[in-house]
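> fold the following.
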Amino acid sequence: GALRGIGAAVIIDNISRKRRRQMATKPSHRPPRTGGAVRELRRRIVMNELAPGAVLTELALAEQLGVGQGAIREALLRLEGEGLVSRSGRQGTMVTNLDRATAEEILALRRRIEMRAAGRVVRGLGASDIAALHTLMAAMHDHAVAGDGWAMIESDTEFHLALFRPSGLAAMEAILARCIMHTHRFRLWAPWHNRPLARTAGRHAPILAAAEARDAAALEAAIGEHLDTIVETTANPEARQ
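Residues are numbered from 1 along each chain as shown. Take a look at the predicted model:
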């Protein structure tokens, strides 16, 4: 009886080893890399590599990005929610258009959100928040030196969101993030815009100084000046409609 038990155990162990070998050699069915597709398509649209009005096809994008069409379909749905693409049964999927009026409305909303939060931000700022802002400022300067415009945009966005978070207005963060993204998109699209990256990075210094001083009035004024400069840059009468 004992021998039969040992023999059965050996057979089971051999079967287990065989199954493990089969699993090791069998191609894995990894989930679609939706997150990577979203980030790359967002980058291309914001950087205007995919022009306003461009028609997007799932098959072509899947081949370009090396992901499944399911991942592209989900990515496009998420980008539609961000206002970067529009989808319709008749026309398919297109990159949303840009115009001066929309840009000015987005800038006005962003200005209202960030400036009105200044007092709450100052009351909620901690030492770790200031340290994070310094780190993001340094990152922006590094990206400027490297000439990496997209990395600069990512650090700029995170700087403004990190500044906003101590306000405690968590429900507004996604709205602010969307405003920031569309501000960058329009700024880069505008044919009259030509600000060096280093200057863009340096424009955050007054904001950081006011935050570090815990001066609500100065912070509100610095944010207003920062955003008003963007408005002056984009509100060119020769803007494309």
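> what stretches of this structure score poorly on pLDDT?
1-33, 191-194, 231-241 (pLDDT under 70).
> am I right that R195 is in a helix?
No. With DSSP: H, G, I helix; E, B strand; the rest coil as the criterion, R195 is assigned coil and is not in a helix.
> which strands and helices sit next to whichever strand or helix holds S155?
Under the criterion of DSSP states H and E, S155 resides in helix 149-164. In terms of contacts (3 or more CB pairs under 8 Å, 6 or more residues apart in numbering; DSSP states H and E), helix 149-164 is packed against helix 34-46, helix 100-116, helix 127-146, helix 173-189, helix 197-202. C-beta coordinates here come from the backbone N, C-alpha and C atoms, glycine included.
> what packs against the shortest one?
The reference is to helix 197-202. Helix 197-202 makes packing contacts with helix 127-146, helix 149-164 when contacts are defined by 3+ CB pairs under 8 Å, 6+ apart.
> figure out which of those helices is closest to A101.
Smallest distance to A101 across those (CB to CB): 22.8 Å, for helix 149-164.
> angle of the closest one against helix 173-189?
150 degrees (axes from the mean of the first three to the mean of the last three CA atoms, to 10 degrees).
> restricting to C-alpha, output helix 149-164 in CSV.
Extracted C-alpha coordinates of helix 149-164, given in CSV (Å, rounded to 0.1, in the frame of the first residue of the first chain):
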residue,chain,number,x,y,z
GLY,A,149,8.8,69.7,-24.1
TRP,A,150,6.5,66.8,-23.1
ALA,A,151,8.4,66.0,-19.9
MET,A,152,8.2,69.7,-19.1
ILE,A,153,4.4,69.7,-19.6
GLU,A,154,4.1,66.7,-17.3
SER,A,155,6.2,68.4,-14.5
ASP,A,156,4.4,71.7,-15.0
THR,A,157,1.0,69.9,-14.6
GLU,A,158,2.1,68.1,-11.5
PHE,A,159,3.5,71.3,-10.1
HIS,A,160,0.1,73.1,-10.4
LEU,A,161,-1.8,70.0,-9.1
ALA,A,162,0.7,69.6,-6.2
LEU,A,163,0.2,73.2,-5.3
PHE,A,164,-3.6,72.9,-5.5
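> which positions in that helix come out as buried?
Within helix 149-164, the residues that qualify as buried are 149-160, 163-164, counting by 16 or more other CB atoms under 10 Å.
> let's have those residues in TSV, adding distance to G70.
Converted to TSV, these look like this (distance: CB to CB, whole Å):
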residue	distance to G70
G149	31
W150	26
A151	29
M152	32
I153	28
E154	26
S155	31
D156	32
T157	28
E158	29
F159	34
H160	33
L163	37
F164	34
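> is it correct that I207 is in contact with L227?
No. Under the criterion of CB atoms under 8 Å, I207 is not in contact with L227, lying 10.2 Å apart.
> compare the two (neighbour count), which wins?
Neighbours around I207 and L227, counted as other CB atoms under 10 Å, are more numerous at I207. The numbers are 23 against 19.
> which residues sit in contact with the more buried one?
Residues counted as contacts of I207 (CB atoms under 8 Å, 6 or more residues apart in numbering) are 163, 219, 222-223, 226.
> relative to F186, which of the residues you listed is nearest.
Distances from the contacts of I207 to F186 were compared by CB to CB; the smallest belongs to H226, at 15.9 Å.
> what about the closest one, neighbour count?
Residue neighbour count, defined by other CB under 10 Å, stands at 17 for H226.
> may I have the helix or strand containing it as CSV, with CA atoms only?
Secondary structure here is read from DSSP H and E; on that basis H226 sits in helix 216-234. What follows is helix 216-234, C-alpha atoms only, in CSV (Å, rounded to 0.1, in the frame of the first residue of the first chain):
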residue,chain,number,x,y,z
ALA,A,216,-2.2,84.0,0.5
ALA,A,217,-2.5,87.4,-1.2
ALA,A,218,1.0,87.1,-2.9
LEU,A,219,0.2,83.5,-4.0
GLU,A,220,-3.1,84.6,-5.6
ALA,A,221,-1.4,87.5,-7.3
ALA,A,222,1.5,85.2,-8.5
ILE,A,223,-0.9,82.7,-9.9
GLY,A,224,-3.0,85.4,-11.6
GLU,A,225,0.1,86.9,-13.2
HIS,A,226,1.3,83.5,-14.4
LEU,A,227,-2.1,82.7,-16.0
ASP,A,228,-2.7,86.2,-17.3
THR,A,229,0.6,85.8,-19.2
ILE,A,230,-0.8,82.7,-20.9
VAL,A,231,-4.0,84.6,-21.8
GLU,A,232,-2.0,87.5,-23.3
THR,A,233,0.1,85.0,-25.3
THR,A,234,-2.9,83.1,-26.7
